[in-house]
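Student: how would this look folded up:
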Amino acid sequence: MISRRIVLSLLGLSCLASAPAQAAPQDGLARLREALGQVPAMLLDNPAPIQGAFLQLSALSLVAGAPGPTPGSTSGPTSGPTSGPWAAATLRRANVAAEITPIAVLGTVGAARWETPAGVAPQQVEAMFGIGRSLALWRLADEAAAGAVMAHLRGRGFRAEGEVLVDPGPIGVMDRMGDPWRSLPAPSAVAQQGASLVQGQDAEMLARLRGLPAATTRPALAVALQGIETRIGDGGLLQAVLLSPVLANPPGDPAAMLQGGMEAARKALSDPPAPFLAWQAGLMADLAGPGRAGLVVALGYGDCDKAKLAAAELGARWRRIAGPEGATPQTALVAGQGEAKGACAAILSVEGAPDGVRNPLFETVWNAVLRRQATPFGG
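Tutor: Alright, predicted model coming up:
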């Protein structure tokens, strides 16, 4: 599995980057933008095939027919409406769950066992972002809800080191496997930032790189987000992954491209006869709506000529993989605006219908990524 090969050599990937004081605009990508504004830009230099994963649990709850968190609630971390127990089938849509450690624990032990140590029900978490097994961002409904979970952790014995709460010490293996706050390889440290809780491997790591530029300061990522935004329409984002350019390599083990580091891998993929033009920031997203299960791939480039070629190649590869009976793709070139000016994104979007709670389009490409099979952006 790709998740087991994630490279953790960049210590900064366990740390929180500087984030704006104000929440992101309330658009369909608000929570994803917010999460990417809280992790360091060096995340995009990580040669791990999957650089990060995002799951919007509030959207997942709606797809499964259960309301999500209630902003403004102050009566505790599990306050707000729910429609009964979290159904195990809900996570069938969450293909990226294994990439976000607390969600992987939820899938293993179930909601009832997860909620007790978590201090919050799954329905009351708006979104999560994970970087392998080194970091997880929990986005709660509001600052009060996040503060209530911090109080819950203090009640469990997490000790304070400044503004950070630290895992009180060893517990049994089985207990650790069922505890989303203590499931990282090293003892967890947790810090609150507004309505978000940042879970890392220790307090020093959480503090060390605070103040570094955020991932959203990279123009290639900013334009990739703008590209996805053009395809949301009346729907919303349910899950997304950050795609490393090593995935442009032909099927097989991408580790073969990593021995010279990210810059060497990027150069090798950019020079002829490259299998695909390596991008600087890549996103694959699952878009949900009434009767909708869409797929969007957005690859950001500093060179708009390369982005134009990549958009055409995305469409051609989709048609070749999907065959004549497959869904019709749409491709586009999106020129960056504002902070992304000068960058461009190659966009592939495909629309389909859900299969129960599942998104067959996203699931098919995701499974191909995990198995190192041909995808629209590599192989």
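Student: which SSE is residue 309 in?
Tutor: In this assignment (DSSP states H and E), residue 309 forms part of helix 304-322.
Student: Residue 127: neighbouring residues, count only.
Tutor: Neighbours of residue 127 under the rule other Cβ atoms under 10 Å: 26. (Glycine included, C-beta is placed from N, CA and C.)
Student: An error on my part: the question was meant for residue 310.
Tutor: When neighbours are counted by other Cβ under 10 Å, residue 310 registers 29.
Student: what about the closest residue to it other than its chain neighbours, neighbour count?
Tutor: Nearest non-adjacent residue to residue 310, counting by Cβ to Cβ, 6 or more residues apart in numbering: residue 346, 3.7 Å away. Neighbourhood size, residue 346 [other Cβ under 10 Å]: 31.
Student: Pull the distance from the helix or strand hosting residue 346 to the chain's centre.
Tutor: Taking DSSP H and E as the criterion, residue 346 maps to strand 344-350. Its chain's C-alpha centre and that of strand 344-350 lie 18 Å apart, by Cα atoms, centre = their mean, to the nearest Å.
Student: Stretch 293-300 too?
Tutor: Relative to the centre of its chain, stretch 293-300 is centred 13 Å away, using Cα atoms, centre = their mean.
Student: Restricting to C-alpha, output it in CSV.
Tutor: Output of stretch 293-300 as CSV, limited to C-alpha atoms (Å, rounded to 0.1, in the frame of the first residue of the first chain):
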residue,chain,number,x,y,z
ALA,A,293,-20.3,11.5,-7.9
GLY,A,294,-17.7,13.5,-9.8
LEU,A,295,-13.9,13.2,-10.3
VAL,A,296,-11.6,16.1,-10.8
VAL,A,297,-7.8,16.0,-11.3
ALA,A,298,-6.0,19.4,-11.2
LEU,A,299,-2.2,19.5,-11.9
GLY,A,300,-0.5,22.8,-11.3
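Student: before we move on, back to that, the inter-axis angle of the next helix or strand after the strand holding residue 346 versus helix 304-322?
Tutor: Per DSSP H and E, strand 344-350 leads on to helix 360-371 as the next helix or strand towards the C-terminus. For helix 360-371 against helix 304-322, the angle by axes from the mean of the first three to the mean of the last three Cα atoms, to 10 degrees is 100 degrees.
Student: Return the list of helices and strands in contact with helix 360-371.
Tutor: If you count contacts as 3 or more Cβ pairs under 8 Å, 6 or more residues apart in numbering; DSSP states H and E, helix 360-371 packs onto strand 236-243, strand 281-289, strand 292-301.
Student: Return the distance of the helix or strand following the helix holding residue 309 from the chain's centre.
Tutor: Sequence order places strand 329-335 as the next helix or strand after helix 304-322, per DSSP H and E. Relative to its parent chain, strand 329-335 has a centroid offset of 22 Å by Cα atoms, centre = their mean.
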